[in-house]
Every structure is written in C-alpha cells, then in structure tokens.
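Asker: Got a sequence here, can you build the structure:
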Amino acid sequence: MSAIAPWQSRAYEQIAATLESGRLGHAQLFCGPAQLGKRDVAIRLARRVLCEAPNGIDACGTCRSCRLFEAGTHPDYRFISFIPNREGTKLRTEIVIDQMRELSSQLALTPQYGRAQVAIVDPADAINTSAANALLKTLEEPVPGRYLWLVSAHPARLPATIRSRCQRIEFRLPPIGEARTWLLAQGHAAKDVDEALLAARGHPGLADDWLRSGGLDLRRRVASDLQKLARGEATPQETAQQWGADEHAALRLRHAADLAVERARGLTHPHAARSLATWFDKANRSRDLLRTTVRADLVLMELLTAWRAASRVGQEIRDR
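Answerer: Below is the predicted model of the structure:
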C-alpha cells in the first residue's frame, strides 16, 4: 500500500495509546484481511518503541536509533519472514524452527541501546509445528522490554496456545465511502475505482493492488474468456493454454470463481444456480491444485470444460 490509510492510522493510534499508558503487553497479534497494511503499522510502532526521543505517539525520525532503523541496521530490531532454502534457489514456504530458536536467543540478550528489543514475525501463520513450539516457549517466558509481534491474515491457523498469549489488534475493512475516497486519492480513475471495489468486495488494499498491477484488466479478460467459452467461440484447450502461460493462473481462477458467483446471483432457476455453485467450488479446488505438482494445463482444461457444460445448462433452461 502507498501512503498511510485512515484505517491504519486508527489502528496505530489505538496501540500507541496502549503503549503510552504502559499497558502494552510483550506479545501482539496484528490480524485481519491481507493487504490492509498490518505490517506497516507494526513497523511504525517498532520505530516508535525504539526511538530515543519520541515525538508524541511517533518516533522522532532523527535520533541515532531512528537513523539505524531507517537504514535497516538497528541491532535491537528483528524482522522474521521466509528465508532461502538450503540450495538458495528459492524462498521457503514455511518459517522454520531454526529461525525461532535464533530469535529466542536474541531476545534473551540485553538490548544494545538499552531501551527495548522488538521482533516482528510475518506471516506468523506460516510458522510450522516445530517452530510454533519453539515460539511458544518464548511467549511463556517473557522478558521485560522485549516485544514480539505476530502479523497474520489467517490467525486461526496459529495454535490456540499462541493466540491466547497475545494481545489482539484487529484490522477490518473500512466503510465503502472511506475506501473509495482513499483509492481516488491514490490517483485512480473513479470508474476504475468503483469497478475494482465491487470486484474486491469493498477491500481497498486489494482493489489498489489490482489497479496498480493490472489485476482488474486481467479480471476483464477472464470475463471475456468465459463468455467466449459459453458461446462456443473458444475451446477449453485453447483457453487453458492461455491461462496457464504465465504466473497469473491462480488469480485468473480467483476472478473466475467470483464471476461465477455474480452470474449465479442473477439466476432464478435453482438448477442453473446450483450448477454454477458446483463450478465455483471446483474453481477453488483447482486453485489449490495449482500449488501442487499436478499439471496446470490439465487442471485448467478440466475446469473450463466444466464451465462450458454449466453454461449450456443455463442456456438450455433459458431456451425452454
């Protein structure tokens, strides 16, 4: 996200007030939908905690601590996320036990600048079982002046024993009017903002991402492809090859599933609606399959063949 959004400011002011009052616990769970800026708020708070001369609820931005933080070299700050695999060829998909053990050792040390130590783990729900057990030990033995903050869009995936030891900071979707105003302030055209917000179901961070990265244009192309399939103007094989030709296959399936729901809402015949609902479930399962070693072109072709069949059911009902 670019620029501080109103919902981020509200969340930050709430937790900064807790810090000012001395009621900030050692463990926090920043949770809520992805792409609402949870990490940015956690980092802003870390900067404030470590600042040597805070300016109200914010860091001063000029002290030695702030300069080191900005340079990414503050010795009392840690950010834990995915690290390269052993071969160094790609990032891991889990946060592993060695990372949590190293973090525990670091938090046991005296802060080099004497104020505090702050560690942020993002995405916390990617911590594997062994790492979670190591993290739990750290949470069970808090040390004064040590802060451990977890960031997650899927907090239910974290063990209950970890969630119960954290103060919870909830991020929620803002009112639609606020989201629209913020998106317009980012320089997006009003027509595109309205279309993107509708497609993203009111999620401004997701809408902003789609508008910046071409995700909204991709959605339009997916809608056109599905219409061509339904009218017999394209084959499932041709479309599957196009959809699997780049790294956007999963996003295409997300858009396709959403478009199926939109189409089902306009149907009055229960059989046609059920047919689309079944296809919606199949699209989501196919998106999960794309994360496996199954051939993407085969998954997509099967799904798109099913779409053409579901569309024919609807057409036959309309023609009766």
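Asker: Would you map the strands across the stretch 101-250 of the chain?
Answerer: Using DSSP state E, counting those that start in this stretch, the strands of the stretch 101-250 of the chain run over residues 117-121, 146-152, 167-170.
Asker: So which of those strands is the most surrounded?
Answerer: The highest mean neighbour count among the strands of the stretch 101-250 of the chain, using mean count of other CB atoms under 10 Å, belongs to strand 146-152: a mean of 25. In this view, the C-beta of every residue, glycine as well, is placed from N, C-alpha and C.
Asker: Would you mind listing the residues in contact with the residue nearest to residue 296 when sequence neighbours are not counted?
Answerer: Nearest non-adjacent residue to residue 296, counting by CB to CB, 6 or more residues apart in numbering: residue 244, 4.4 Å away. If a contact means CB atoms under 8 Å, 6 or more residues apart in numbering, then residue 244 has 296, 297, 300 as its contacts.
Asker: pLDDT and secondary structure added to these, as a markdown table?
Answerer: Putting those into a markdown table (pLDDT from 0 to 100; DSSP: H, G, I helix; E, B strand; the rest coil) gives the following:
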| residue | pLDDT | secondary structure |
| --- | --- | --- |
| 296 | 92 | helix |
| 297 | 91 | helix |
| 300 | 96 | helix |
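Asker: Quick test: name the residue nearest the centre of the chain.
Answerer: residue 34 (2.7 Å; CA atoms, centre = their mean).
Asker: what sits against it?
Answerer: Going by CB under 8 Å, 6+ apart, residue 34 touches 153, 205, 206.
Asker: can you tell me how far it sits from residue 153?
Answerer: 4 Å (CB to CB, to the nearest Å).
Asker: can you check residue 97 too?
Answerer: Residue 97 is 22 Å from residue 153, by CB to CB.
Asker: repeat for residue 132
Answerer: For residue 132 relative to residue 153 (CB to CB), the value is 17 Å.
Asker: Could you do residue 105 as well?
Answerer: For residue 105, the distance to residue 153 - CB to CB - is 28 Å.
Asker: Likewise for residue 197?
Answerer: 19 Å.
Asker: How is the protein divided into domains?
Answerer: The record assigns the chain these domain ranges, following automatic domain parsing: 6-170, 214-319.
Asker: could you dump those domains to JSON lines with distance to residue 177?
Answerer: What follows is the domains of the chain, written out as JSON lines (distance: least, CB to CB, whole Å):
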{"stretch": "domain 6-170", "distance to residue 177": "11"}
{"stretch": "domain 214-319", "distance to residue 177": "20"}
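Asker: Which one of those domains has the poorest average confidence?
Answerer: With a mean of 89, domain 214-319 has the lowest mean pLDDT of those.
Asker: how far does it sit from the chain's center?
Answerer: Centre-to-centre, domain 214-319 and its host chain are 23 Å apart (CA atoms, centre = their mean, to the nearest Å).
Asker: Stretch 11-23 too?
Answerer: For stretch 11-23, the distance to the chain centre is 24 Å (CA atoms, centre = their mean).
Asker: Buried residues in stretch 153-160, which are they?
Answerer: 153, 155, 158 (16 or more other CB atoms under 10 Å).
Asker: From what I see, residue 57 and residue 18 are in contact.
Answerer: No: assessed by CB atoms under 8 Å, residue 57 is found out of contact with residue 18, at 10.5 Å.
Asker: roughly how far apart are the nearest residue to residue 176 once chain neighbours are set aside and residue 95?
Answerer: Nearest-residue entry for residue 176: residue 202, 5.3 Å, with adjacent residues in sequence omitted and distances by CB to CB, 6+ apart. Between residue 202 and residue 95 the computed distance is 30 Å (CB to CB).
Asker: neighbour count winner among these two?
Answerer: residue 95 (24 against 14; other CB atoms under 10 Å).
Asker: Tell me how many other residues surround the closest residue to the more buried one other than its chain neighbours.
Answerer: Counting by CB to CB, 6+ apart, the nearest residue to residue 95 once its immediate chain neighbours are dropped is residue 127, at 4.6 Å. By other CB under 10 Å, 26 other residues sit near residue 127.
Asker: where's residue 127 relative to residue 155, distance?
Answerer: On the measure of CB to CB, residue 127 and residue 155 end up 12 Å apart.
Asker: again, but for residue 131
Answerer: 16 Å.
Asker: same thing with residue 287?
Answerer: Taken as CB to CB, the span from residue 287 to residue 155 is 22 Å.
Asker: How many residues are close by residue 309?
Answerer: Neighbour tally, residue 309, other CB under 10 Å: 12.
Asker: What of residue 96?
Answerer: Around residue 96 there are 17 residues (other CB under 10 Å).
Asker: Which secondary structure element is home to residue 34?
Answerer: Using DSSP states H and E, residue 34 sits within no helix or strand.
Asker: Let me know whether residue 161 touches residue 135 as I believe.
Answerer: No: counting by CB under 8 Å, residue 161 sits too far from residue 135 to count as a contact (9.8 Å).
Asker: These two - which one has more neighbours?
Answerer: When residue 161 and residue 135 are compared for neighbours, residue 135 comes out ahead with 29 against 13, by other CB under 10 Å.
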